[in-house]
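Trainee: Sequence and predicted structure, then a few things I'm wondering about:
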Amino acid sequence: MKQSTGEHTSPESTGLEHLLQQVERSTSHYEALSLERSASDAQIIAAYQRAAAVLQPWRSALETRGEAAGDALARVELATSRLAHAYSVLSNPNKRVEYDRFVIVRAPESPTSDATAPPAAAPQKANPSDTRSASPAERRAPATASAEAEPTAAADENRRRSQRFPLSVTATVIGYHRKAGKWTEDVETVDASCTGVTLRLRHRVRHGTILYVTLPLPEKLRSHDLKEPNYRVYALVRRVHPVKDGMRVTALEFVGEHPPVGYLDKPWATFQTKPWTGVERRRSPRKPGGQMIWVEYFTEDLQCLRQEAGRTEDVSEGGLRIAVKGAPPEFEFVRVSYPERGMESYAVVCNRFLKDDGLERLCLRLIDNNELTERAVMRPEVEALAVAQKAPPPPPRGRILVADDDPPLRRVLGKILTSAGYDVVLVEDGKAAVEKAAEIKPDLVITDGLMPKMHGFLVCKALKEMKPAPKVIMLTAVYTKLNYRFEARDRYGADELLTKPFEVANLLKCIERHLGSTPQAMAG
């Protein structure tokens, strides 16, 4: 070799480059040293000595060249460090036994190898999310939510920012509940990438919470702790699948070796990652929404927790994002009734977050109802519920007239009130509201504040001049300031003014409060 003369000191030289790529692509200590898992102690020593004999002369030669060989020297130093760590583990019988409990050795690449195996490096532009071809400085940089993946031929099959590989190892997860405090659980991982990990978890966790994870992650997927046997990283909960056999498959996104700002003060709080700015990764494109829907929240036993009206923000064949006001802190399934399409389906939450307007956004994935049918089999409480649903409905609790020029919202209000046991009549404008009220004599009228043909405030005034006068609740998304509440009550006689969007529970309590003394309500 000519290292001592300073000639051919580029890492592109065949022997050195082959060794560097071998170490950089390795997913285990065995691969780094080009050994089988059954290698003897003598083979381990010999493999390390061969690698050191290649690296040490080149390292000395590159150090003499200074900054001109900075990148090459960094690669050599990193390979030297990794090989030394691999040797220190495999040459120690106790450490090797412990390591062998977790390590997954990648199968040799071949033309017929599994499609999930990492592809061989190609002489093309490096993918920022692929640490196998990144420089040492890039490998140490923590992954961020805004990193963009380079388009590949497999983009249609793998929509992730970085490829995930099967990984079944034991990991330790630490989290916090607001009331119960700190908890720890030993879990089993499902797969992993340089940006996150999927695992099976018994604890219920919320989207956006931070967990502290310790696991023997392959070195090529790490952004720090490259020399440590275990990888310790803070991670954000991105997906929580429905419980199955007592376990929830939970997907985490790595945040880094340090927690986000505010975590130490409130480790049970929820956080958000940066918005995705890369290419569209959904299976089917979403179209703008804006329609009212009826939302019901269920436990894993299909018991309804709460109901409310929401509004879609975007919709696709497989899911939708909705804005809601009163989603429970914990629930398993959502049932959405989409009046505009005549659709009713169950869904699971893929993500949830708050916006500045105070409304929570739920990103929903529609699911096959057969999955819920399987859960309902042999459940006495579900069978009892089905029997109750077949029973004759009780007498109506009162007659309510709903006047709103928004058809989806009008239908949603009708569904809410009918489900609550009221006799409901729907009209589409202010003039029709006054005429219908004179005909059917409702106990209560719910009217929009701004409607065609007759303004909602004038509708309220006309209704209050009737004998007997019905109770009137005004719903408005326009007249939200406090002074309008007083004007609606004092000048036009409204019994209540509620702003949109509204919580179903608040609306029903308001109705019960105003109908409490009516004969029909008392009879119900």
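Mentor: Great, that's in hand.
Trainee: residues contacting residue 175?
Mentor: With contact taken as Cβ atoms under 8 Å, 6 or more residues apart in numbering, residue 175 is in contact with 182-183, 185, 203, 205, 209-212, 267. Glycine gets a C-beta too; all of them are placed from N, C-alpha and C.
Trainee: Mind checking what secondary structure it has?
Mentor: State at residue 175, reduced to three classes by DSSP: H, G, I helix; E, B strand; the rest coil: strand.
Trainee: can you list the contacts of residue 175 in CSV and add secondary structure, pLDDT and neighbour count?
Mentor: What follows is these, written out as CSV (DSSP: H, G, I helix; E, B strand; the rest coil; pLDDT from 0 to 100; neighbours: other Cβ atoms under 10 Å):
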residue, secondary structure, pLDDT, neighbour count
182, strand, 92, 11
183, strand, 95, 13
185, strand, 95, 15
203, coil, 90, 15
205, coil, 89, 20
209, strand, 90, 20
210, strand, 94, 24
211, strand, 95, 23
212, strand, 96, 19
267, coil, 90, 19
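Trainee: between the residues you listed, which is nearest residue 447?
Mentor: residue 209 (41.9 Å; Cβ to Cβ).
Trainee: Can you tell me, leaving aside adjacent residues, what's nearest to that closest one?
Mentor: residue 237 (5.0 Å; Cβ to Cβ, 6 or more residues apart in numbering).
Trainee: And the pLDDT for that neighbour?
Mentor: Residue 237 carries a pLDDT value of 91.
Trainee: repeat for the one 4 residues further on
Mentor: The score at residue 241 is 81. That number is its pLDDT.
Trainee: Likewise for residue 31?
Mentor: So, for residue 31, pLDDT stands at 84.
Trainee: Check which element follows the helix or strand that contains it along the chain.
Mentor: Taking DSSP states H and E as the criterion, residue 31 maps to helix 29-32. Once the chain leaves helix 29-32, the next helix or strand it forms, by DSSP H and E, is helix 41-63.
Trainee: In the helix or strand following that following helix, which residues are buried?
Mentor: Where DSSP H and E defines the elements, the next helix or strand beyond helix 41-63 is helix 70-90. Residues of helix 70-90 classed as buried by neighbour count (16 or more other Cβ atoms under 10 Å): 72-73, 75-76, 78-80, 82-83, 85-87, 89-90.
Trainee: same for the helix holding residue 31, what does it pack against?
Mentor: With contacts defined as 3 or more Cβ pairs under 8 Å, 6 or more residues apart in numbering; DSSP states H and E, helix 29-32 has these neighbours: helix 14-25, helix 70-90.
Trainee: Among those helices, which comes closest to residue 165?
Mentor: helix 14-25 (12.6 Å).
Trainee: That closest one to helix 70-90, inter-axis angle?
Mentor: Relative orientation of helix 14-25 versus helix 70-90 (axes from the mean of the first three to the mean of the last three Cα atoms, to 10 degrees): 60 degrees.
Trainee: What is the neighbour count of residue 263?
Mentor: By other Cβ atoms under 10 Å, 18 other residues sit near residue 263.
Trainee: Repeat that for residue 490.
Mentor: A count of neighbours around residue 490, defined by other Cβ under 10 Å, yields 9.
Trainee: Compute the distance between it and residue 72, please.
Mentor: 82 Å (Cβ to Cβ, to the nearest Å).
Trainee: follow-up on the earlier one: of the buried residues of helix 70-90, just say which sits nearest to residue 453.
Mentor: Distance to residue 453, by Cβ to Cβ, is smallest for residue 78 among the buried residues of helix 70-90, at 75.6 Å.
Trainee: Distance of that closest one relative to residue 492?
Mentor: Distance, residue 78 to residue 492, by Cβ to Cβ: 76 Å.
Trainee: circling back: which of the helices and strands packed on helix 29-32 sits closest to residue 444?
Mentor: Closest to residue 444 of those is helix 14-25 (Cβ to Cβ; 71.4 Å).
Trainee: Output the closest one as CSV, restricted to C-alpha atoms.
Mentor: Provided in CSV are the C-alpha atoms of helix 14-25 (Å, rounded to 0.1, in the frame of the first residue of the first chain):
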residue,chain,number,x,y,z
THR,A,14,-11.3,-0.6,-3.5
GLY,A,15,-10.3,-2.3,-0.3
LEU,A,16,-11.1,0.6,2.0
GLU,A,17,-14.3,1.7,0.3
HIS,A,18,-15.6,-1.9,0.4
LEU,A,19,-14.9,-2.0,4.2
LEU,A,20,-16.5,1.4,4.8
GLN,A,21,-19.7,0.4,2.9
GLN,A,22,-19.8,-2.9,4.8
VAL,A,23,-19.8,-1.1,8.1
GLU,A,24,-22.1,1.7,7.1
ARG,A,25,-24.8,-0.7,5.7
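Trainee: so what does it touch, helix or strand wise?
Mentor: Using 3+ Cβ pairs under 8 Å, 6+ apart: helix 14-25 touches helix 29-32, helix 41-63, helix 70-90.
Trainee: wait, isn't residue 36 in contact with residue 30?
Mentor: Yes. Counting by Cβ atoms under 8 Å, residue 36 touches residue 30, with 6.9 Å between them.
Trainee: More neighbours: those two, which one.
Mentor: residue 30 (22 against 9).
Trainee: Might one say that the more buried one is in contact with residue 44?
Mentor: No. Applying Cβ under 8 Å, one finds residue 30 not in contact with residue 44, separated by 9.2 Å.
Trainee: So which of the contacts of residue 175 is the closest to residue 58?
Mentor: Nearest to residue 58, judged by Cβ to Cβ, of those is residue 212 at 39.2 Å.
Trainee: Spatially nearest residue to the closest one (excluding sequence neighbours)?
Mentor: Nearest in space to residue 212, with sequence neighbours left out and distances taken as Cβ to Cβ, 6+ apart, is residue 174 at 4.3 Å.
Trainee: Any idea what the one you found is bridged to?
Mentor: residue 184, residue 212 (DSSP bridges).
Trainee: Point out where this structure drops to low pLDDT.
Mentor: For the chain, residues meeting the criterion pLDDT under 70 lie at 1-14, 27, 66-70, 98-161, 273-284, 301, 338-343, 368-396, 501, 517-524.
Trainee: Domain-wise, how is the protein divided?
Mentor: 3-100, 165-256, 287-388, 399-523 (automatic domain parsing).
Trainee: Need those domains in TSV (columns: distance to residue 262).
Mentor: TSV is the format used below for the domains of the chain (distance: least, Cβ to Cβ, whole Å):
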stretch	distance to residue 262
domain 3-100	34
domain 165-256	10
domain 287-388	14
domain 399-523	28
